[in-house]
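Engineer: Just a sequence and a predicted model for now, questions to come.
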Amino acid sequence: MKISSLLFLSGLAVTLGALTACNRDGSAAPTPKTAADAVPVEVAYASRSPISASYSGTATLASDHEAQVVAKTSGVLKRLYVEEGETVKAGQLLAELDDAEARSKFAQAEALMRKSEATFAHAQAAMPNKLIPQFEYEQDKYDLEEKRAARAGAELQLAYTRILAPVDGVVAERSVKLGNMIQANQNLFRIVGMDPLQAVLNVPERQLGILKSGQAVQLEADALPGRRFAGTIRRIAPVVDPASGTFRVTCEFRNPDGALKAGMFTRIDIVYDHRDDALTVPRAALIEEDGETAVFVVENAPVPAAPAANADARADAKTDAKTDAKKAPAPGLVARRRLVQVGYSDGDKVEIRSGIDEGARVITVGRNAVRDGTAVQVLEVKVAADKARGDKA
């Protein structure tokens, strides 16, 4: 290609560039922005509110007492008075065995005892006059004691035909049917106590010095949505299991209406400390990095210093400032990273013990897109936090 052709093409390119830099009316086109656009974020105010420290765990409810009712004598099951699911009291009659044989043996033992009583009474009357020897008197005496013991045994066997509840509770299982031949020591019923119920938590050893007997606990069960049940810590194991690094905490819950059932899977919260006036922020505002906890707070961007000017220029600037004060744009916002020390956590709230002050605006949504000094645009302030701040104003 000739040198003259190259010069022609270069001139054409310069001419086209100049044309594109102007509008149709010949004015200069606006230059593109050089600063990055502000990052949209949502914020919440650091405010004071009550907060509780608690330990949460899961456990299965178990009965405080349970009894397996067994037959103490043999016989045919003649009557049933309770069914599964019924509530019974200690001493209540559950069932009866056929007692004909037991009554016969009791009557026989009763008759033999009466006979021995008469013989011994005669011996007692004859002894003062020495009408019978001492040996015969003592033999009649011991024979009466034997007959009385036999009668008591027969009476006990008769009582065993009546099956009684040994504890309060609910009949969880009936293992026999009417008319069955029952053998001694055969299982008849299983009674489970429903009030109170207990739950055993395996708690990490770091909580050993914090939890105490008598502390209040709260229970929730999936089977009973929307309901919370109050209880207390009944006892705490004095040793830590070396295999798991946990210790046993037994919680007890009163259950007068029977809503809770043994075997239910539950979630238990133990509140061990409470603060009425703690500085808190939403958990979503926290950033965990390199073993440090931080938040991003929104602050006004610093206003750049004006260039130096002579006296006349300063006077003109002051006049212009008064004239255009209402037209001045609001200062920009930037994100600033602040290290914080956190305290208790309660749900979606976290206590802040140092690092920021009350009223600070912390970024809750969009914090992963900003860095220290990033320009931000606040889209929404959490309603609850905004209201709390307004109440304090």
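Structural biologist: All right, it came through fine. Numbers count the residues shown, from 1 in each chain.
Engineer: how does the protein divide into domains?
Structural biologist: Domain ranges of the chain: 39-51+277-305+329-392, 54-64+193-275, 72-95+164-192, 99-160, per automatic domain parsing.
Engineer: now the shortest one, how far from the centre of its chain.
Structural biologist: Same thing as domain 72-95+164-192. 37 Å (CA atoms, centre = their mean, to the nearest Å).
Engineer: Do me a favour and get the end-to-end distance for that domain?
Structural biologist: Using CA to CA, to the nearest Å, one end of domain 72-95+164-192 lies 20 Å from the other.
Engineer: Quick check: neighbours of the one helix or strand residue 342 maps to in the sheet, parallel or antiparallel?
Structural biologist: In this structure, residue 342 sits in strand 341-346 according to DSSP states H and E. Looking at strand 341-346 with DSSP bridges, its partner strands are strand 349-354 (antiparallel).
Engineer: so after the partner strand, what's the next helix or strand?
Structural biologist: Using DSSP H and E, the next helix or strand after strand 349-354 towards the C-terminus is strand 361-365.
Engineer: Now for the chain, the helix or strand with the poorest mean pLDDT.
Structural biologist: The weakest-scoring helix or strand in the chain, judged by mean pLDDT, DSSP states H and E, is helix 3-20 (a mean of 38).
Engineer: Check the offset of the helix or strand following it from the chain's centre.
Structural biologist: On the C-terminal side of helix 3-20, the nearest following helix or strand under DSSP H and E is strand 39-45. Here strand 39-45 shows a centroid-to-chain-centroid distance of 32 Å under the convention CA atoms, centre = their mean.
Engineer: Please convert the domains of the chain to CSV, extending it with mean pLDDT and mean neighbour count.
Structural biologist: C-beta: built from backbone N, CA, C; applies to glycine. Compiled in CSV, these are given as follows (pLDDT from 0 to 100; neighbours: other CB atoms under 10 Å):
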stretch, mean pLDDT, mean neighbour count
domain 39-51+277-305+329-392, 81, 16
domain 54-64+193-275, 88, 16
domain 72-95+164-192, 91, 16
domain 99-160, 90, 15
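Engineer: My read is that residue 191 contacts residue 175, right?
Structural biologist: No. Here residue 191 does not reach residue 175: they are 11.9 Å apart, not a contact under CB atoms under 8 Å.
Engineer: which residues in this protein form helices?
Structural biologist: Secondary structure of the chain (DSSP state H): helices at 3-20, 100-126, 134-159, 311-323, 383-392.
Engineer: chain center to stretch 162-177, what's the gap?
Structural biologist: On CA atoms, centre = their mean, the centre of stretch 162-177 falls 33 Å from that of its chain.
Engineer: hmm, who's touching that stretch?
Structural biologist: When contacts are defined by CB atoms under 8 Å, 6 or more residues apart in numbering, stretch 162-177 is touched by residues 63, 65-67, 69, 71, 77, 80, 82-97, 99, 182, 186-195, 258, 262.
Engineer: Relative to residue 267, how far out is residue 225?
Structural biologist: As for residue 225, its distance to residue 267 is 12 Å (criterion: CB to CB, to the nearest Å).
Engineer: So which of the contacts of stretch 162-177 belong to strands?
Structural biologist: When DSSP state E defines the strands, the subset of the contacts of stretch 162-177 inside them is 63, 66-67, 69, 77, 80, 87-88, 93-97, 182, 187-192.
Engineer: Quick one: end-to-end length of stretch 121-133, please.
Structural biologist: With CA to CA as the measure, the first residue of stretch 121-133 is 15 Å from its last.
Engineer: which other residues reach that stretch?
Structural biologist: The contact list for stretch 121-133 (CB under 8 Å, 6+ apart) reads 134, 136-137, 140-141.
Engineer: go again using 7 Å as the cut-off
Structural biologist: 136-137, 140 (CB atoms under 7 Å, 6 or more residues apart in numbering).
Engineer: and which of those residues is nearest residue 219?
Structural biologist: Nearest to residue 219 among these: residue 140, at 67.0 Å, using CB to CB.
Engineer: so who does that closest one touch?
Structural biologist: For residue 140, counting by CB under 7 Å, 6+ apart, the contacting residues are 119-120, 123.
Engineer: Can you tell me the closest non-neighbouring residue to residue 241?
Structural biologist: Spatial nearest neighbour of residue 241, chain neighbours left out: residue 247 (6.8 Å); criterion: CB to CB, 6 or more residues apart in numbering.
Engineer: do the same with residue 362
Structural biologist: Ranked by CB to CB, 6+ apart and with sequence neighbours excluded, the top spatial neighbour of residue 362 is residue 285, at 4.1 Å.
Engineer: Does that neighbour touch residue 361 like I think?
Structural biologist: No. Look at residue 285 against residue 361 with CB atoms under 7 Å: they stay out of range, at 9.8 Å.
Engineer: any idea how far residue 185 is from residue 101?
Structural biologist: On the measure of CB to CB, residue 101 and residue 185 end up 18 Å apart.
Engineer: Ok, residue 117 next?
Structural biologist: From residue 117 to residue 185 the distance is 35 Å (CB to CB).
Engineer: Could you do residue 275 as well?
Structural biologist: Counting by CB to CB, the gap from residue 275 to residue 185 is 59 Å.
Engineer: and what of residue 361?
Structural biologist: Computed as CB to CB, the residue 361 to residue 185 distance reads 75 Å.
Engineer: next one: residue 43
Structural biologist: In terms of CB to CB, residue 43 sits 73 Å off from residue 185.
Engineer: again, but for residue 146
Structural biologist: 27 Å.
Engineer: swap in residue 337?
Structural biologist: Distance from residue 337 to residue 185, by CB to CB: 74 Å.
Engineer: same question, residue 45
Structural biologist: For residue 45 relative to residue 185 (CB to CB), the value is 71 Å.
Engineer: ditto for residue 196
Structural biologist: Per CB to CB, residue 196 is found 30 Å from residue 185.
Engineer: No more questions from me, cheers.
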